[in-house]
Every structure is written in C-alpha cells, then in structure tokens.
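**Student:** Provide a 3D model corresponding to the input given below.
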Amino acid sequence: MDRPSKYRGRGARLFQWTAWLLVAGFGLVGAGVFWLDRAPLGMPRVVITQFETRLDQMLLPTGMTAQIAELSIGLRDGFRPAVTLSGVTLGEPGTEPTVALDRLDAVLSAGRLIRGEPMIRALRLEGLALTVQSDAEGRLNVRLGERTVARGAVSASDLIGQMRRMLDHEPMARIATIGVDDLAFRFEDVRRKTAVSTTGGTLRLSRSGTELTVDLDMGEIAGLSDGTTIGRISAALTSDAPDGAARAEMAMRGIVPASVAGLAGPSPLSDLLSRLAAPVSLTLRAAMTAGGNLDELTGSVSVGEGTIALPGMAEPMPVDWMRGNVALNMARDRLDLTDLDLASQKIAFGGDLTLIASPDDPVSGPILAQVALSRLELHEPALFPDPVRFDGLWADAQYDRSSSRVSLGSLSLLQGDMRIEAMGRLAPETATAPQHYALDLSVQEADRAALLALWPPALKPGTRGWLTKNIHRGTLTDVHVALRSRDSGNPTVGATFRFKDAEVQPVTRMPPLRNGQGFGEITNNRLSIAVDSANLGPDEGGDIQLTNGLMQIEDLRVPDTEAQISFDAVGESATVLGFLSGATFADPSAPPQTSTGQFSPADATGTIALTTRLRVPLERGTKGEDIGVAATGTLVGFTNDTIVPGKDLVAGVLAIDATSTRVQVTGPVTLNDLPLSIDFARAIGPAAADQPGSVVTVKTPLTAALVKEFRVPLPQGAVSGAGRITAVITSQPNTRPMLELTGDLTGNALSIPSLGIATSRTSGGSLRVEGQLGARTSLSKIDLRTPGLTLAASAELPGQDQGGTAGGGGALSFQRLQIGRWLDAPGRVGAGTGGSAGPVVLTSGTVDLRYAPFGKSKGAAGARPPVTLDLDRLVISDDIALTGVRGALTAGGAGDLTAAVNGKAQVAVRVDGAATGGAIQITSADAGAVFAAAGIFANARGGTLNLRLDPQPGAGMYHGTLRVQHTSLRESPTITELLSAISVVGAIEQMSGEGITFSDVRSNFDMAPGRIKIQSASAEGPSLGLSMDGAVDLVGKTVDLQGVVSPIYFLNQLGSFMTRRGEGLLGVSYTLRGPMAKPKVAVNPLSMLTPGFLREIFRRPISSSATESGN
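**Tutor:** Next up is the predicted model:
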C-alpha cells in the first residue's frame, strides 16, 4: 500500500535534494567532464556557496540548511560522472547541525545526465552516525545524526519493514548501490539505561531489478559502562520485490547481549538477551512476508562464560557455556530454545525452553515460560554437599519483566521413581525489600535418602543432621511442604507426610526403631511425628512393639534443642528390662562389668506394657545419660527362679516405673505359692556409678509356711501367726549380693517347749540379718530378739553348687544364745543336712537347770542335733552348780560329761537320751567332797556318789534319787545336837573321832526351783540308823525336816522290816526346823517306847509349801 510516510517527508527529501544538487552541479561543469576522468576537480567557494544555496532551497520544507566544506567533480571508471562533497552538515538555522557526513560520493547515470535527467546510480557516504533507540516501552526509534527518521517500531521486523518502504520510494528507489563506510552506530536502551556505540561499521545496499540486498556490519562495538569491548553484529536482507517476500539473517559474534537486547524489541528474545552478561554468538535466519513482517526466525545460539540473571533471583547465576537452537516467532511473540545445553559450576541441564509474551500486553506484559528438561544437575555446595541429579523437569511459569516476579503454575521434578510437584511465587530481593517466596511442594512417595539429599544443609542444619544420622531408612508418602519467606529471619516451613518401613535410631547407643509407620507434621517451626507402630530391637534380642508414638521438637529454630518423645511399648520382660538397664543408658566410660551376683533381665519371663516419655537433646555428642526417661507400665505373667535361688517367684501383674536414673518393678508376687511383695530397683546411666547394680526389696508375712519353705530347722508348730519381714538384696557388679533382712515378730507366736521358748502374738520381737549371698552365703549378722530369746550370730550357708540345698545345711556361729533363764552361752551350730540343724557346740556360758524346760516334752520333739559342751556353769540349784562342764551329747540327747561342783569336786555326769526323758546322772568317788563343794554338808567324808535327776513337767522340776555308799560323818553340829538330845553317848564320841560310818545313804526327793521336797531319805551304819523326810527352802535357806534316829543299828535293824529304811525296831523321832546353818532340833523321847510300825502315828505330813515352785 502506497501511503504518505514520514520517511518520505524527511530522509527521502534529503536524498532527493541531494540528487538535484548534483544535477545542478553537473550542469554547471558539463563542459569540462572530459578533463575529469583521472583527477577530480575541486570547486571554488563561490561554486560551493551556490550548491549550498540550491541545497537550502531543496531542504526548505524540512527547515534545515546545508553547509559544505569542500566539493569536487570527476569521472569514475566507465566515464561515469561523480561528485564528492566533504564536511557536509545539515541542521536548523542558528542551531547545531543534526546530521553530519564526513564525505558523500555520488555516481550519476551519464545517459540520463545527457538527457537532462540527472539520476544517482551509486551513493557512498562516510562518517554517518546512526542511532537506534529502544524507548521505555520497548519500541524502536531510528535517528540519522540527531534527526529521527523512523519512530515507534514495535520490533526489529517492523523497523526493517519501515526502512524497506523508505528505500523503495524516490529518489532512493533509483539508486542501484548505496554504501556507508565508517558508520558510527549507537544503540540506546532507555528502559535498561544502557548505551552501546560502534565505530568502523559498514552498510552496503544494492539493487538488481526488483531485488534488493542489504548487508550491515555494525563494526567494533564499544562503549559499555565498564569500558570493555565486545564482539560484532552483522545482518543481511534480501528482497525480491518491493512488496514481496524477503529473507533476513542476523549474526552476533562475541556479543554481551544484555547491552544490546533492545535491538530485538519488546520480545521474549530481547528479555532473554537482556539477562545474559556473557559473550554470545547468535545466528538468526527468517523470511519476511509481503507485508513486511518476519516469519519465524530460526538459528542457533552459543553463550560463553558469564552470568545469567534468572527471574526471581537477586544474584545472577554464573554460566560456563550454553548452546542450543533458536526459533523466534515475532507474530506470536514466542521464543523456542530446543536442544538447549547449559553448564556451569552450579548447574547443568539439557532440554527445551519456551518463552511466550502475554497476548494482552506483548510489549511490557509478563512472559510465560515452559520448561522441559531431560536432565538437571545441581552443584551448589551452599545448598547441597553432593551434586544432585534429576532425570527430568517440567514447569509452567510466568514472570514479570520489570520486577522479575515469578509465578510457578506447576513444576515436576523426576529423580528415579520419585516425582516432586511444586507451585508457588517468587520475588527477588531488591534495595527496598527482601526476597519473597511462597512455594508448595508435594511428593507422592520417596525414599528417605532421596529426600534428605534434597534438604539443604544450611536450612535447619541441626534438624537435618539429626534426621540424616538417626533415620537410617524408610519411605515417605503423601509429602506436602509449604515454604513461606518472611521479611526477616529464616523462612516459615510447613510440612505433612506419612512414612512406612522406617528405621530410626534416636540416640547412637540406643537400638533402632524398625518398621516404623506413622504421620509427620511441621507447623510454625514445630516438628511432630506420630508413630502408629514400630519395633524396637535391643541387642539382648527380641522385639518391643511400639504404638501411639509421638516425637515433638517445639522450635526448630533453636540450636541444640531437644525432642520430646512418647510411646506405648509392649514386649517380653527380658527384652524390655534388658533395654532399660542395657548399654543405651549405661555410662560408656565405666569399666566392663561381670554379672556376678546381679539379677539378669534374661532370668525373668513375662510381658511388659509401658507408657514411655523421653527427652532427647538434639546436639552433637548426645549420650544415653543425657536422655530424660519417664516410663510407667505393668509386667504381666512374671516368673523368675534366680532372685531367690531355687524358688519360683510368680506374679500376675507388677508395676514398672523407669526414669533416666533407675528402673523399678513393684507389686505382689508369690514364692512357691507364698504371698509376698517385691520391689526391684536398678540404677542406670551416670547414677549407676554411685549406685551400681540392683536392689531387690521383698516384703512378706513371717508364717509357719514360710519357715517350712526355707527349711528352717524348727519343730513343727514352733511358729504360728504372721509377723512381717523385709529383705533387701543389693547386687553390685563384680561382687556378691548383699542381704539386709529386718523382721517385726509382732503377730508371731513362738513355741518350742523343749527349749522353754513360748511367746504370744502380742509379745513382739525383732529380727535382723545381714550378709552376702551367692554361691556361698555368708551372714555376718543374725540378731533375733523376742521375749525369752536372744540370738546374736553369724552363719555360712553353702550354695547348691557346693552340695547344699536351699534353706538348710549351713554353719551357725552365735556370739550369744540366751533362752529364757536357763541358757546363756556362745557357740556354733555345724552344717546340717536334709533341713536339720548340724551339731551344736556350746563353747562357754551357763545352763541353769532350775529353769530348764527339759521335762516339758518328755519323749517328744523329734531328732535333736548332737551337742558338744564346754560350759562355764551348769546351775543345779541356787547353791549348787557344775563348772567346767565338758563332754558331748548325741543326736538323741544322751552323753557323758565331766564337771566340778562349784569348781571344787569333780563329778561325772551322764545324760540319758530324750527317749528316757533326758535324765541326768551324777557320779563321784568322793561324795563328801561333792557335798562340801555343793554347800550341802561339809562334814561328810569319802564315799561314792550316785545322783539321778529325772526331769518333770515344769521348768526346773526334777525327781531325784541319791545313793551314797561307804561314807562317814564327822563333827556335824546339827547331828551332834540331835544325838545329844537322845543321849546316844557312844555315837557322839565316835563322831568326834573317826566319824560315824554309813554304809548306805539313800534319798528320794523332788526338786523345784528354790525348793527340795525329800520324800524319803535314810542313812545306815553299824552304830546308827537315820531316816528323814521334809522340805528344804533354798531361797529362804531354811529346813523343815523330820525323821527317826535308831541307835545301835546293827542290832536295832532286826525290826526294820516293820519300819522305814534307816529305822530300827527302837528309835527316837526328831525334827529339824529353822535356818539351814543352825536349825532347831527337837526329839520325842516317848517315841522310843513306840514300835516302829506305830511311829507313823507321830509323823506329821510334809508341808505342801515345800513342793511349791519358786522362781
């Protein structure tokens, strides 16, 4: 379409007026053209002035005037006329020139000149300054010098179209060749505030028929803001017809296109080039439509080392090189980069990129970016310690050209089987605002290692490090992550995810959690992980089933924070107790320990259910001792046979309480069906250094069944009722367990009649036992105190590996054994068998027969242990005691002893067995010495003694028989007084001499504490017979005796068959009353006249008080 044009109004008239000027010049000098073939002829100033005047008239419509410094004419090859103008300037009057040419050469058509129709066939210019400006809206304007010749082109193709239309109008359409040398090109980008200038450029325009060819070399480009020199830009245009199609090609070599991006106009290509600060080689080829518009430009691009400013990023990204194929559709404002290959120190990828300008505002509106990468590698140590590779990336995004804000519609990253989906917004940091972004990411399923590899170490480094170290494996599903920037500080991170098949080790020394399944969430810098189920596998074997787990980190921003963990756990007792008391919470610096004497968790069976809470510091070097533990639960179906060797401990339900310093198990149990309560406590972690090992506290009623269970050698029925005992067993590494047992005997009744022990249930008492348990049990302290019984002892009890049996057979050493008032002695009890006590040795001490209970259980009480005696005293009565008692009693209670009466007269003592009631028989070869030592009768001399004491029911009760043979009586005041009273003169004299001889002395008596009742007594000798009965009060030291004295007994005894032993046919009755030292003697002389069988008339009965028991 032929329409008026501003180009014809300006540039076209310039060339028209120049042509006419040339014609006028040739008219003036036409006569001399033949002399100008070789040497141009310079024109004088007057001619130049005429040219200027003519030229001003031609330029009058433009308002410009011309000035010419020099003018010459000549002939070119082929005798073509030519004119040369030098120093040509054009400008408005009174102002600075706007267009300047160093030189203008014009070659005219000779034929047309001859016909008076001057026409320029070739034009050559030097020193032309051409400026292309991209305004604030990205539109292109062209200036020659300072004169605008094209305005408002929306693209390079639009500009080319305008220039083609200008060249196709007169007088330019008649010029066959136009050449511009020393072209000064300047490109100004108003929007980016950059300017680039070139020097030494060339322009060649040629016509052949309707074909127009334009070649442009912009020359050496310089003038960047930093003063550097960059490459060259060339372009070529071939058009077959003025209004027909054309072919265009552009090439850039070594250009830093960020400075010349505006040449492409407000297109996606211009935006891309504006972001490159690197040398670029770009070749574009295109066809121009008949309407002057370019079809799709295709070519290739190659980028050298430099940077690229990516939308949404504040800092440009370094680039080593980039290459690819280019397709630019100007009509659709679409740029396609295919087979794109980019490499840099931080990123490398290959694929396709499409940039499309907004159809609503293609000049300044946003650009849609479509990315399809077949490979992507990230090398960013600040984000990822190792290179990260992806198998593909697909994205649809839109970014604003002026602000570089990015809206990410969708993004898909493929890495193996993992696909990451993302969407969001991104705005780069500016001078007035920080970087802003909002990204939402999702992953359907991913391996734990793959996701952690994509977690930048600088983002929550402590949490990332902990997760990397302690989560060994697992699969995450339904992962959703939201990242939101803030004006200051770290971004806000929100995430939800599910996981399965996870293996997590919260602490290095803790066994891992396996097969974990659950859900996780990060909200407001708080991490929560809920574990639906998992298995905990300690080193001791077995699995602990975990449910209802929850791990929380309150604030991920806080360095060296801690995780709060809670879960329910169910597992076999050996596994759970082994975990709680094992290496996880142990002191790693402690020396190795053996299990000697310690309770091993493997020794117990049962099922434990715990509700556990852990506090785990998330800092480097966390140890088991740093973990806070609080666990409560139950142990169901507990059984154990090692806490009490050889005994089965069984419990239905026990309570468990565990902390970071101890594990405690408490509750009711049965020991071989006996009820008791147990408290097992074991220190763990650093506390184990001060309290190593475990403490077992057992509380149980003290009953007959318990005594029987432990085979304590007591008679059946010895213990009744129920007291309380508490046993504390402390086990420490490398040592034998320590036992501390205390008992309260209130509620127990003790009854051992054979030993005189009898207490009621209200009597009370205490028991304390201390010692060491193990293969051999050593009891260093046994202290038993109850009314009537005191025992201070120690014991050695063999273990089962030494042939012992549980509950019996040990050796007992007692520093003091006090039973009632009859025994107070140290000694020992040897090892026994079959639950019976071993041999007994009494090494000193006292036995008091006055209070001895031997008579209470005559013929009963079962087997007794053998007894070896080395007593200090064996008290028979208040005044009579055996000292230095030596000897042995058999298991049946029989034996022979030696002793001294009151430390003076030696006697032999024989004790009969329990089958005969434990009778005591004392013999001596010097009865007189025995009587004297006993304080009974100091005037007897010699004779053999045979005394038998038969225990009777009641403490200290005996029936005795006495027989002394061949003894004599000397100087007894009481007997002397008695003989004097009955006037037995010869007997008195005999007593004063060698003594009265008795061949046989006998007595039957009953002994009670403090009393002796003489049933009958007799003394028979040649000169005297004597009978006696009555009572002796040993406490009051008095006697009440009666009897008969028969003188001349060797004759008088002929009638003894009618009387008692010791009495004759004739005798005198007597009584002895009063103090033992000097009793009152009374006789009845009339009794001499009474035959023996009638004397009973005068005999009074023995007082019953004599048989009463004293204390």
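**Student:** mind giving me the domain split of the chain?
**Tutor:** According to automatic domain parsing, the chain comprises the domains 6-126, 296-430, 693-838, 867-1099.
**Student:** what would the ones you listed look like in JSON lines with mean pLDDT and mean neighbour count?
**Tutor:** From N, CA and C alone the C-beta is placed, and that goes for glycine too. What follows is the domains of the chain, written out as JSON lines (pLDDT from 0 to 100; neighbours: other CB atoms under 10 Å):
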{"stretch": "domain 6-126", "mean pLDDT": "69", "mean neighbour count": "17"}
{"stretch": "domain 296-430", "mean pLDDT": "88", "mean neighbour count": "17"}
{"stretch": "domain 693-838", "mean pLDDT": "81", "mean neighbour count": "18"}
{"stretch": "domain 867-1099", "mean pLDDT": "80", "mean neighbour count": "19"}
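**Student:** how about the ones you listed in CSV, adding distance to Ala438?
**Tutor:** Shown next, in CSV, are the domains of the chain (distance: least, CB to CB, whole Å):
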stretch, distance to Ala438
domain 6-126, 49
domain 296-430, 5
domain 693-838, 57
domain 867-1099, 98
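**Student:** between those domains, which one is closest to Val443.
**Tutor:** domain 296-430 (5.3 Å; CB to CB).
**Student:** next one: that closest one to chain centre, how far?
**Tutor:** Centroid displacement of domain 296-430 relative to its chain, using CA atoms, centre = their mean, to the nearest Å, is 45 Å.
**Student:** ditto for stretch 534-550
**Tutor:** Using CA atoms, centre = their mean, the offset of stretch 534-550 from its chain centre is 13 Å.
**Student:** restricting to C-alpha, output it in CSV.
**Tutor:** The C-alpha atoms that make up stretch 534-550 are tabulated as CSV, following Å, rounded to 0.1, in the frame of the first residue of the first chain:
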residue,chain,number,x,y,z
ALA,A,534,7.2,-49.7,65.2
ASN,A,535,9.5,-52.3,66.5
LEU,A,536,12.4,-51.7,69.0
GLY,A,537,15.1,-54.4,68.8
PRO,A,538,17.6,-54.2,71.7
ASP,A,539,20.8,-56.1,71.5
GLU,A,540,19.5,-58.6,74.0
GLY,A,541,17.2,-60.0,71.4
GLY,A,542,13.5,-59.9,70.8
ASP,A,543,11.4,-57.0,69.7
ILE,A,544,9.5,-54.4,71.6
GLN,A,545,6.3,-53.3,69.9
LEU,A,546,5.7,-49.5,69.9
THR,A,547,2.4,-47.8,69.3
ASN,A,548,0.9,-44.4,69.9
GLY,A,549,4.3,-42.8,69.5
LEU,A,550,4.8,-39.1,69.3
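**Student:** state the mean pLDDT of that stretch.
**Tutor:** What stretch 534-550 shows for mean pLDDT is 77.
**Student:** show residues contacting it.
**Tutor:** With contacts defined as CB atoms under 8 Å, 6 or more residues apart in numbering, stretch 534-550 is touched by 502, 504, 511-518, 528-533, 564-572, 574-576, 578-579, 582-584, 601-602.
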